[in-house]
Every structure is written in C-alpha cells, then in structure tokens.
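*Asks:* I'll drop the sequence and a predicted model, then ask my questions.
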There are 2 protein chains.
Amino acid sequence: MGLKYQQKYRVPFYESDAFQKMRLSSILAVALQISGEQSTELGRSDVWVSEHYGLFWAVIEYDVKIIRFPMFNEEITIETEATSYNKFFCYRRFSFLDSQGEVMLEIASTWVLMDKETRKIDRVLDDIVDPYASEKISKILRPHKFKKREAFENPTLMTYPVRFSALDMNGHVNNAKYYDWAADMVDFEFRKSHVPSRIFIKYNHEVLYGEEIHAAMSWEGDVSHHNFNEGSTQIEIHWTEHTASHPF
Amino acid sequence: MGLKYQQKYRVPFYESDAFQKMRLSSILAVALQISGEQSTELGRSDVWVSEHYGLFWAVIEYDVKIIRFPMFNEEITIETEATSYNKFFCYRRFSFLDSQGEVMLEIASTWVLMDKETRKIDRVLDDIVDPYASEKISKILRPHKFKKREAFENPTLMTYPVRFSALDMNGHVNNAKYYDWAADMVDFEFRKSHVPSRIFIKYNHEVLYGEEIHAAMSWEGDVSHHNFNEGSTQIEIHWTEHTASHPF
C-alpha cells in the first residue's frame, strides 16, 4: 500500500450547509487539496508534473461512502493514500476521521494523467508515481455502472447556464459543482429527512464557459440518478432516512 | 483602536477562479471565518453570544478596496480588528497582506447584532464588545450611497432561483453568494481585461430557499451597479483595466 498522508481540518462556516453538515462539494474540494499537498511534499507537485511531462492529473471517478457527515466546526482528520495503479489509472483513497479516529466517510477515487496539449489520457509514468509507493497492478478495477440516460423514466429536467463562478483554474466547470447541480434538484422536504449514504460520480467530458448544462434526474426507490449533457457527467446518490442510529 | 488578530492563509485551488485569483466570495467567507476565530479566542464566540443574549452577528455592509488579488497557492496573512462601534453598529477592518507585509486588499465592514427571535437589530452591548477593546464612538459612519434601482438605465435582468447549495447554516442565501450573482452577469471578455478595484455591498433583507432572486445590472463607465429583489441587496463594482502597473 502507498504512503499515507494526513492533515487535521476544522469545518468552517462557509463549507457548512443549511443542516450544519460539511457540503459534499467542499468535501471533494478539500480532499483534492490535501492530495495535492502530499504530491508537493513528495516532490511531485502539479507544477512539477506539468513542467517535466506536460501532463496534469484529472479525477474521473468518485465512490463516496458516508457513515455520517462532518459537522460545522468539527475537528476532523483527512487521510489519503495512493493505493494502486495500472497502465492508465491511479487509485487513491481518502478517509475522513472524527476526533476518536473513527471513519465517518471514505472516498475511492480514480485518476488519470492527461496531456495538456492534446487533452487526451496518457500512460501512467513510473517517474511520476514512484514516490507514492503505491502498488502496481495489472488489472483495471471495475468501474461503477451508471443508469443510462435512455433508461431514465419520467426524468426531471433542468438547464443550468455555465457562469464564471462555476469555473476553476482549468477554465472548465469545477468537478465539485456537478454534485451541487444534482442535489439541488432533489426536493428540500425530502432532504430534511434523508441524507446521502453513497455517491458515485463519473466525469467523461469537460464543460466550458458559455455552454449549458442539461441535467436530468430520475428515481429508483431512494436512489436518484443524474445525467448531465448526455453523459458528460453521471451521478448516482443513495439516500438514507434519518434514524436514531443514523442521525446524520 | 481594537485588538489585532491575524492568521496565515494559503489560497487553495478550489478558492481560485479561472484567472488564478482568489474568488471574492472566498475572500469574504474566509475573512468572516477569521473574525469568528478572534471572537472565540476572546471568549465571545457565536455560541456564547447566542446563549447569553439570544443574539447573532450579521454583516450589513462591505467596502472592499483591492490593490491586487491574492493568487492561487500564495501565502498571505489576514489581519482583522474591531475598530469602533456606536449604539447600533460595529465597524471591523480586514487587511490581506502579502509575504512582504504589503497590503493587497482591505475590507471595511459594518456589523449589527440581531435578535434571534424577532430578527430585528438590537443595541450593541458592552458585555459583548468590551473584549475587542475597540473605540466607542457617538457618530454613525456615513454608509455608501448606492444607485437606486429606479435610476438604472437599460438594465440587464436575470432571475436566479434560490437553491439548496446557495444556503448557509442560517437557512438563508449566503452573503458571499450575491457577489457571484452580480459578477456572473458581467461579460467574460470584459473580465479578461478588467478586474475589480473597489466593491461596495449592502445587505438589507435576507432571501430564503425557494424564493427567486431578480437581479438587475446597469453600467456607468467602468462601474457596474447591481440590485437584487428591489434592494434586498445592492452591489457596486468599480472595474479597472489591467495595465503594467496594475497587472492583477
């Protein structure tokens, strides 16, 4: 297994939602930031990767398991580790721990190295990943199977124009934004009694300024399926009802 | 003058915009967070104020002067100080300093104490503000005069539905969000050559989930005037062209 890296974090006001929980978009953003800090510490910062190989890292898939959300002002520990990699994909885990060291939330993520010029996926280079001491594997981990857009029954539709504030430094819609667009379509009353317990996200194509996001949502029981622009991003959210044993 | 409090801060990826500058919404959010930390250190946390007096702090006005924006990954120092107060208003300054101690950005802010039950403005209580050692003054600082909505010529109009992700823990639209809504109406091409150098924001009424934001924008030279819901929030942005002496 790879080198572990961890950092303490206190959930600020502006990363807390109306239910005092840490926003999922902030969870993903802060996780990314911390893996970037590990890379810098290991001499493999984004700048280094770009200058030496003309490549950049992109997350293409998340699988988030939530036991409970970090709460406003809670002091948590975020731990990350590059677990394994094969010819094209790197796998990285994040764990969010409470002050007792109990896991509240785990993220499995899949990363690729992209060519800055061609914006196509490149092979994983040993020189880039060696310092993480993660395991080289030959098999490709099976990705989550999302419900196809054609199979959405009675979808709810919404159009979101892509505005400046949705962009990140790469000039495209920030990855974390899609979750907000998905969850914002779920009824507020439902959200008062339900909380996500498992979230799958898959990014297939970037979306640029001035484009429109055509979002579709369809339900199967307590699972909401979300599809943006005919599959440029796919999200699946498993909602769980609050209970005494699952208050968050 | 009041007790100074400062903290170092490194601008993370997700608080950086498409131009690699720290987002204004993040600047306001982080500033607020740091003043909250000073309050906690002085034994006057939001929880304390709520439990002892049933009150909470609200910012009603910002005046932001920008020499240059903090950039992605830059290490900055944020300093804050409760400068003075009168019967109803408390005044607080924030300065964003670069690694040489040069001021890049200054925020003057006006705060009130609100009653949690009635949601009306309360008098400033000495027991709450004494620990900050700020000066008690009799006069009320002159607030900025915004252009009235009726005086907007050929306004650009936009409607923003208030969705879950725009809410904060108070259950209303987060203060920092209005700036995004204002600046998102400004042409992207214009933003490539211009940057805000002065921003005034005034909050008059809160907006809740499910309501709509009716935004209007009108221009006078390089100043954009923004009005939301007939004055619930007003914003004025002074834009400056990039030059060699003002690259940011």
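*Replies:* In hand now; what should we look at?

*Asks:* Tell me the residues of chain A that contact chain B?
*Replies:* A:12-14, A:16-18, A:20, A:23, A:25-26, A:29-30, A:32-33, A:36, A:72, A:163-165, A:167-169, A:171, A:174, A:176, A:180, A:183-184, A:186, A:188, A:191, A:209-210 (Cβ under 8 Å from any Cβ of the partner chain). Yep, even glycine has a C-beta here, placed from its N, CA and C like the rest.

*Asks:* Whichever of those end up buried, select them in ChimeraX.
*Replies:* Restricted to buried positions by 16 or more other Cβ atoms under 10 Å in any protein chain shown, the ChimeraX selection for the residues of chain A next to chain B reads:
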select /A:12,13,14,16,17,18,20,23,25,26,29,30,32,33,36,72,163,164,165,167,168,169,174,176,180,183,184,186,191
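
*Asks:* In chain A, which helix is the longest?
*Replies:* In chain A, taking DSSP state H as the definition, the longest helix is helix A:24-41.

*Asks:* right, and the helix or strand after that one?
*Replies:* helix A:46-53 (DSSP states H and E).

*Asks:* quick one: low-confidence parts of chain A?
*Replies:* A:244-248 (pLDDT under 70).

*Asks:* Please enumerate the helices of it.
*Replies:* Counting by DSSP H, the helices of chain A are A:24-41, A:46-53, A:126-129, A:175-183, A:188-193.

*Asks:* May I have the first one as CSV, with CA atoms only?
*Replies:* What that stands for is helix A:24-41. Only the C-alpha atoms of helix A:24-41 are listed here, as CSV (Å, rounded to 0.1, in the frame of the first residue of the first chain):
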residue,chain,number,x,y,z
LEU,A,24,-20.2,17.4,-0.3
SER,A,25,-18.7,19.8,-2.8
SER,A,26,-16.4,21.1,-0.1
ILE,A,27,-15.5,17.5,1.0
LEU,A,28,-14.4,16.7,-2.6
ALA,A,29,-12.5,20.0,-2.9
VAL,A,30,-10.7,19.8,0.4
ALA,A,31,-9.8,16.1,-0.3
LEU,A,32,-8.3,17.2,-3.7
GLN,A,33,-6.3,20.0,-2.0
ILE,A,34,-4.8,17.5,0.6
SER,A,35,-3.7,15.0,-2.1
GLY,A,36,-2.1,18.0,-3.9
GLU,A,37,-0.2,18.8,-0.7
GLN,A,38,1.0,15.2,-0.4
SER,A,39,2.2,15.4,-4.0
THR,A,40,4.1,18.7,-3.3
GLU,A,41,5.7,17.1,-0.2
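
*Asks:* How about residues contacting that helix?
*Replies:* A:3, A:5, A:7, A:9, A:15, A:45-46, A:49, A:59, A:62, A:64, A:69-70, A:78, A:80, A:92, A:94, A:96, A:105, A:107, A:109, A:132, A:174-177, A:179-180, A:183, A:196, A:199, B:12-14, B:165 (Cβ atoms under 8 Å, 6 or more residues apart in numbering or on different chains).

*Asks:* Same list, the helices of chain A, but as JSON lines with distance to B:L141 please.
*Replies:* Putting those into JSON lines (distance: least, Cβ to Cβ, whole Å) gives the following:
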{"stretch": "helix A:24-41", "distance to B:L141": "35"}
{"stretch": "helix A:46-53", "distance to B:L141": "44"}
{"stretch": "helix A:126-129", "distance to B:L141": "55"}
{"stretch": "helix A:175-183", "distance to B:L141": "37"}
{"stretch": "helix A:188-193", "distance to B:L141": "39"}
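
*Asks:* Need the winner for burial among the ones you listed.
*Replies:* helix A:175-183 (a mean of 23; mean count of other Cβ atoms under 10 Å in any protein chain shown).
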